[in-house]
Structures are given as C-alpha cells and as structure tokens.
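Participant: Next come a sequence and a model predicted from it.
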Amino acid sequence: MAIKNVYPAEKEFSSADDLQWREVAEGAWEKVLTYAGNHRTVLLKWMKGFKTTEVAQHDHKEEVLILSGSLRDLTLEKTFGLHYHAYRPHGMRHGPYLVEEEVTMLVIESDASRPFPE
C-alpha cells in the first residue's frame with residue numbers, strides 16, 4: 001500500500017486510532033502520522049520477541065520516544081522502557097535490539113538525503 005503525502009500545510013488534532021497499522025516486517029508494525037518526502041513521523045510497534053539482527057545506521061536524523069513496553073539494546077546490554085528518549089544524528093550506530101515486552105514508540109525521521117520509500 002503506497003503512502004501518499006500526509007504532511008499537510010497544517011493539521012489540527014486528530015485521532016491516531018483512526019489510522020491503520022501496517023506490517024513492515026514480521027512482528028513490526030507502523031502507523032504513519034505524517035509523511036512528506038524526507039520527513040516522516042510514525043508510531044512503531046514491535047511485538048514481544050521481535051529482534052533486529054544488525055547494528056543500524058541511517059542517512060537521516062531519528063528521534064525516538066518509548067510510549068509503552070521495553071526493548072533491550074544488545075550492544076549496550078541495557079533495557080530501555082517507558083519514556084526513554086533517543087536522538088540519533090545522521091550515521092549514528094545503534095542496536096541491535098530484542099523486544100522483551102511489546103513496545104510502542106513515537107519515531108520522527110527527518111532530514112533524509114533522499115525521500116523515504118512510500
């Protein structure tokens with residue numbers, strides 16, 4: 001399903017409950033709140049047991065706030081839960097992760113060198 005530009009010039013409050021979750025990988029789901037080429041804001045949900053296998057590195061800035069649940073950073077050997085926040089500039093290495101308890105995160109990705117895929 002293609003994501004059309006959902007980043008209007010302005011937007012008053014609306015319910016994220018009205019948006020549909022879409023599966024992006026087995027055990028990983030997202031709701032796109034806003035999307036405009038090189039900027040997107042999503043709710044990201046990883047199910048218990050979901051695991052990333054490699055250290056991640058992006059060509060964009062990424063900001064993450066954990067809204068519920070927890071995940072374990074396998075490199076740092078630390079668990080992060082409710083209200084933990086991360087800011088990652090371009091190229092910052094992070095992860096891999098193991099989800100110990102279903103986790104929902106607000107993720108803001110911006111300033112990408114190319115548009116995000118739809």
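Facilitator: Yep, that arrived.
Participant: quick one, what contacts residue 46?
Facilitator: Contact analysis of residue 46 by CB atoms under 8 Å, 6 or more residues apart in numbering lists 27, 28, 29, 69, 71, 97, 99, 102, 103, 105. No exception for glycine: its C-beta is placed from N, CA and C like everyone else's.
Participant: Revised request: answer the last question for residue 92.
Facilitator: 57, 58, 62.
Participant: Show me the contacts of residue 46 that map onto strands.
Facilitator: 28, 29, 69, 71, 97, 99, 102, 103, 105 (DSSP state E).
Participant: Any idea how many residues pack against the third one?
Facilitator: Using other CB atoms under 10 Å, residue 69 has 19 other residues around it.
Participant: Could you do the one 3 residues further on as well?
Facilitator: The number of residues packed around residue 72, counting by other CB under 10 Å, is 19.
Participant: Also residue 45?
Facilitator: Residue 45, neighbours per other CB under 10 Å, totals 22.
Participant: Direction included, what does the helix or strand it falls within pair up with?
Facilitator: Assigned by DSSP states H and E, residue 45 falls within strand 39-46. Partners of strand 39-46 in the sheet, by DSSP bridges, are strand 28-36 (antiparallel), strand 97-110 (antiparallel).
Participant: The helix or strand of the chain with the lowest mean pLDDT: which residues count as buried?
Facilitator: Ranked by mean pLDDT, DSSP states H and E, the weakest helix or strand in the chain is strand 28-36, scoring a mean of 89. For strand 28-36, a neighbour-count test (16 or more other CB atoms under 10 Å) marks 29, 30, 31, 32, 33, 35 as buried.
Participant: Which residues are in contact with the nearest residue to residue 85 once chain neighbours are set aside?
Facilitator: Leaving aside its chain neighbours, residue 85 sits nearest to residue 65 (5.1 Å; criterion: CB to CB, 6 or more residues apart in numbering). By CB under 8 Å, 6+ apart, residue 65 lies in contact with 83, 84, 85, 105, 106.
Participant: On the strand side of things, show who the residue lying closest to residue 20 once chain neighbours are set aside bridges to.
Facilitator: Sequence neighbours aside, residue 31 is the residue nearest to residue 20 in space, at 7.1 Å (criterion: CB to CB, 6+ apart). Note on residue 31: beta-bridge partners by DSSP bridges are residue 43.
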